[in-house]
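Asks: sequence unknown, structure follows:
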């Protein structure tokens with residue numbers, strides 16, 4: 001069991017973005033970011049259906065303890081009690097009942113929980129327990145910490161483990177700059193989402209009629225995945241267009257190459273890393289070797305729209321240029337204790353490097369750029385990055401439910417925590433999307449990268 005939990009923990013550390021593939025899933029602001037309540041209590045009450053499980057009291061107490069002692073962020077017992085109270089108020093409104101504790105304040109989550117469980121009310125006790133648990137997570141103000149019902153957890157794990165599951169081919173994230181809306185980072189070329197015309201920045205408002213607001217990122221991803229040939233319907237909000245657009249997309253098996261490479265500007269190597277997957281390091285080394293044989297004078301590593309992936313791959317690729325036995329990044333817990341992560345591979349390169357980032361470069365890609373920046377091993381060009389450096393631990397519970405909680409942050413070698421801040425490039429250049437005829441070499445960011453490399457290769 002311990003080994004199983006450890007593997008789940010590693011899974012959540014490695015993948016910060018959701019990548020809707022065929023066989024893989026690439027895993028403190030104020031509470032006001034989570035204004036809309038999840039779950040939708042009004043819909044639950046109106047359906048008059050049982051929620052399908054009955055969390056016991058011990059689950060509430062265990063989650064409370066872990067959030068207070070392990071959650072990476074500032075939380076207090078009184079703050080969590082207020083969040084539980086606010087959640088119960090929403091449940092009462094949806095049920096047409098007057099709020100139980102109007103005007104009362106509680107010092108501890110257990111105080112309000114023990115009182116509400118004893119009340120005589122028409123609201124089912126299992127729904128009240130579920131509501132109180134949801135309140136604890138809303139009290140963290142962290143969109144990556146959440147509770148998964150048995151149905152949600154089972155669906156997520158089944159979609160991860162099933163070999164015949166397909167997807168629609170998109171990278172996803174919760175956009176913190178837009179009230180944590182589920183946002184498409186990039187559709188993968190040639191996949192169903194790309195063929196149907198989905199675009200970077202599109203917001204997925206509903207999946208098969210179910211609102212995504214407040215929904216856990218992994219749950220959203222599992223809903224998008226499914227057997228090849230099945231249909232998923234999305235309601236999309238696109239910037240500059242009024243109303244929602246409906247898309248019916250047929251799932252397919254998705255195969256995305258994490259690496260692409262070529263020679264640009266006559267003698268400069270270009271490697272794009274779309275994600276840090278299991279085989280990204282070997283693919284990168286192969287591409288680098290092939291480019292080196294063509295006598296390139298410098299290298300552009302493109303991390304734009306790269307949402308992260310396996311941190312070990314990011315360490316290995318960074319270490320090729322930074323060197324052995326040097327910290328590439330570190331893991332820091334809530335008490336400030338850090339564990340450095342180093343490169344111990346055999347490959348090395350002394351090529352001049354420029355790294356490209358944008359607002360959708362996140363997690364492992366930000367940490368890669370940050371390591372290069374700290375050691376002054378590359379010039380970082382582009383836009384301020386996304387700002388995702390948190391690590392979640394997933395803990396299954398005996399009733400079939402589970403919960404995720406942020407327990408640590410990744411830092412750059414110098415100790416910078418990029419979570420919710422992002423990485424500031426050395427040279428800021430906004431992406432040019434004004435023309436559909438822009439090519440790789442006419443892109444203003446690429447042109448700036450060439451300009452910088454020319455000054456280093458004379």
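Replies: Thanks, I have it. Computed from a predicted model, the values in this text were never measured in an experiment.

Asks: I'd like the mean pLDDT over the lengthiest helix in the chain, please.
Replies: Scanning the chain for the longest helix, with DSSP state H as the assignment, gives helix 77-95. The predicted model assigns helix 77-95 a mean pLDDT of 95.

Asks: What residues of whatever helix or strand comes next after it count as buried?
Replies: Next along the chain after helix 77-95, taking DSSP states H and E as the criterion, comes helix 109-117. Neighbour counts using 16 or more other CB atoms under 10 Å place 109-113, 116 of helix 109-117 among the buried residues. Any C-beta I mention is one placed from the backbone N, CA and C, and that applies to glycine too.

Asks: got the angle between helix 109-117 and helix 77-95?
Replies: 30 degrees (axes from the mean of the first three to the mean of the last three CA atoms, to 10 degrees).

Asks: Just the residues contacting helix 109-117, thanks.
Replies: By CB atoms under 8 Å, 6 or more residues apart in numbering, the residues outside helix 109-117 that reach it are 57, 60-61, 64, 77, 80-81, 84-85, 88, 100-101, 106, 125, 128-129, 132, 135-136.

Asks: how about 7 Å then?
Replies: For helix 109-117, contacts defined as CB atoms under 7 Å, 6 or more residues apart in numbering pick out 60-61, 64, 77, 80-81, 84-85, 88, 100-101, 106, 125, 128, 132, 136.

Asks: Then stretch 391-403?
Replies: 8-9, 12-13, 27, 53, 55-56, 59, 63, 144-150, 153-154, 331, 404-410.

Asks: How is the protein partitioned into domains?
Replies: 29-141, 150-250, 259-456 (automatic domain parsing).

Asks: Quick check: bridge partners of residue 298?
Replies: Note on residue 298: beta-bridge partners by DSSP bridges are residue 268.

Asks: For it, the count of nearby residues, please.
Replies: Residue 298 sits with 21 neighbouring residues when counted by other CB atoms under 10 Å.

Asks: So it sits against residue 452, correct?
Replies: No - if you go by CB atoms under 7 Å, residue 298 and residue 452 don't touch, sitting 8.6 Å apart.

Asks: on that earlier part again, among the contacts of stretch 391-403, which are in strands?
Replies: If you go by DSSP state E, those have 146-148, 331, 404-410 in strands.

Asks: could you dump those residues to CSV with pLDDT and neighbour count?
Replies: Below are the ones in strands among the contacts of stretch 391-403 laid out as CSV (pLDDT from 0 to 100; neighbours: other CB atoms under 10 Å):
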residue, pLDDT, neighbour count
146, 91, 23
147, 93, 25
148, 90, 23
331, 94, 18
404, 92, 23
405, 95, 25
406, 94, 23
407, 94, 22
408, 94, 21
409, 95, 21
410, 94, 27
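
Asks: Closest one of those residues to residue 92?
Replies: Using CB to CB, residue 147 comes nearest to residue 92 of the ones in strands among the contacts of stretch 391-403, at 19.7 Å.
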